[in-house]
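Student: pasting the sequence and the predicted coordinates here, then a few questions.
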Amino acid sequence: MMEIITLSKSNIDKEHICCSLADKKGQCGVASKKAWLKERLDEGLVFKKANIRGKVFIEYIPAEKAWCPIIAPNYMFINCLWVSGQYKGQGYSSLLLDNCISDSKAKGKSGMVILSSNKKKSYLADKKYLLHKGFEVCDNAPPYYELMYLSFNDSAEKPKFKDNAKKGKVEVEQGYAIYYSNQCPFCEDYVSDVKKYADENNIKLQVVKYETYDQAQDSPVPWTTYSVFKNGHFITHEILTIDKFKKLMD
C-alpha cells in the first residue's frame, strides 16, 4: 500500500506538495502556497499526500476556519482532493477520503463538507464520485456551485452557504476583476502574468487578493481560490493564462 505522509511544520519545506508546477515559473506560487499552509496548520488544517512526486493528496480543515463562505458548525471542510495522471483509477481517492473520514470522526466532527458543481468542472470536486461515496447536496449557489456533505450525526445541522456567497457580483462597474488567494500554487504567477498583460494593453483589470479567513468568508462566490468577474458579474473560476484571458475577452 502506498505510504501516506502528513505535512507538518517540520517537514513541509522539504516535501513536494503535489500540486506544484513542474517548471521554474511556478516556484513563486509554490512558496506562497507553503506559506499559506504553514499559517493554516495552527488552525487545524491537515494535508495528507502520497509519498511520491505526483498529485495524490487531500487537504482539509475545520469548517469554522474554511476559506469558503459557509456555515457548517463542527464539520470538516475538504479544501481539495486531487488524484491525477497515472495514479487515477487505482483507489487512491478512496484511500485518502476514507483516511480523512476516520480522522474527522476521531476528532468528534459531525460530518464532512466539500464544494462541488452541478456539472463537472475543473478544480471542483466530482459530484458523481461524491454521490457514490455517500455525500448529498445540501445547498447551491449561482451559477453552478453545490455544497455537498456527509453526515456522521443525523441530528446535526445541515451545512449551507452564507448569503453573500450567492451574490456573484463585486463592486466593479466596468472591466475585469480577479479575486484570488494562495490556496493554489498556480494562482500567484498566472495572476501576475495576466495583470501585466492587461496593463500593457490598457485593459481595465482589478486584482484583489484574499489575505485572511475573514475576507474569504465574505466572498460573493463560494470558490475563493480564484474567480473572474466582468463588469462586476462572475464569469468563471478557472485559472486564466494570458491566452485564456484573450479568449475570454473575445
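Tutor: Arrived safely, thanks for sending. Numbering: from 1, shown residues only.

Student: alpha carbons only for contacts and neighbour counts from here, please
Tutor: Fine.

Student: so which helix or strand of the chain has the lowest pLDDT on average?
Tutor: helix 27-41 (a mean of 86; mean pLDDT, DSSP states H and E).

Student: buried sites along that helix?
Tutor: Gln27, Gly29, Val30, Ala31, Ser32, Lys33, Lys34, Trp36, Leu37, Lys38, Arg40 (16 or more other CA atoms under 10 Å).

Student: contacts for it next, please.
Tutor: The contact list for helix 27-41 (CA atoms under 8 Å, 6 or more residues apart in numbering) reads 8-9, 12-13, 20-21, 45, 182-189.

Student: try it again at 10 Å.
Tutor: For helix 27-41, contacts defined as CA atoms under 10 Å, 6 or more residues apart in numbering pick out 7-9, 12-13, 15-21, 24, 43, 45-47, 59, 61, 65-66, 181-190, 211-213.

Student: next, format the buried residues of helix 27-41 as a markdown table and append distance to Cys80.
Tutor: A markdown table is the format used below for the buried residues of helix 27-41 (distance: CA to CA, whole Å):
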| residue | distance to Cys80 |
| --- | --- |
| Gln27 | 20 |
| Gly29 | 17 |
| Val30 | 16 |
| Ala31 | 18 |
| Ser32 | 17 |
| Lys33 | 13 |
| Lys34 | 15 |
| Trp36 | 14 |
| Leu37 | 13 |
| Lys38 | 16 |
| Arg40 | 14 |
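
Student: domain assignment for this protein?
Tutor: 4-162, 165-249 (automatic domain parsing).

Student: lowest-confidence stretch among the ones you listed?
Tutor: Mean pLDDT per stretch puts domain 4-162 lowest among these, at a mean of 91.

Student: end to end on it, go ahead and measure it.
Tutor: The first and last residues of domain 4-162 sit 34 Å apart, counting by CA to CA, to the nearest Å.

Student: likewise for stretch 69-83?
Tutor: One end of stretch 69-83 to the other measures 25 Å (CA to CA).

Student: for the remainder of this discussion, apply numbering that starts at 25.
Tutor: Renumbered: residue one is now 25, and that last one reads stretch 93-107.

Student: which SSE is the most centrally placed residue in the chain in?
Tutor: Centroid check for the chain by CA atoms, centre = their mean gives Asn103 as the closest residue, at 4.8 Å. Element membership for Asn103 (DSSP states H and E) is strand 99-107.
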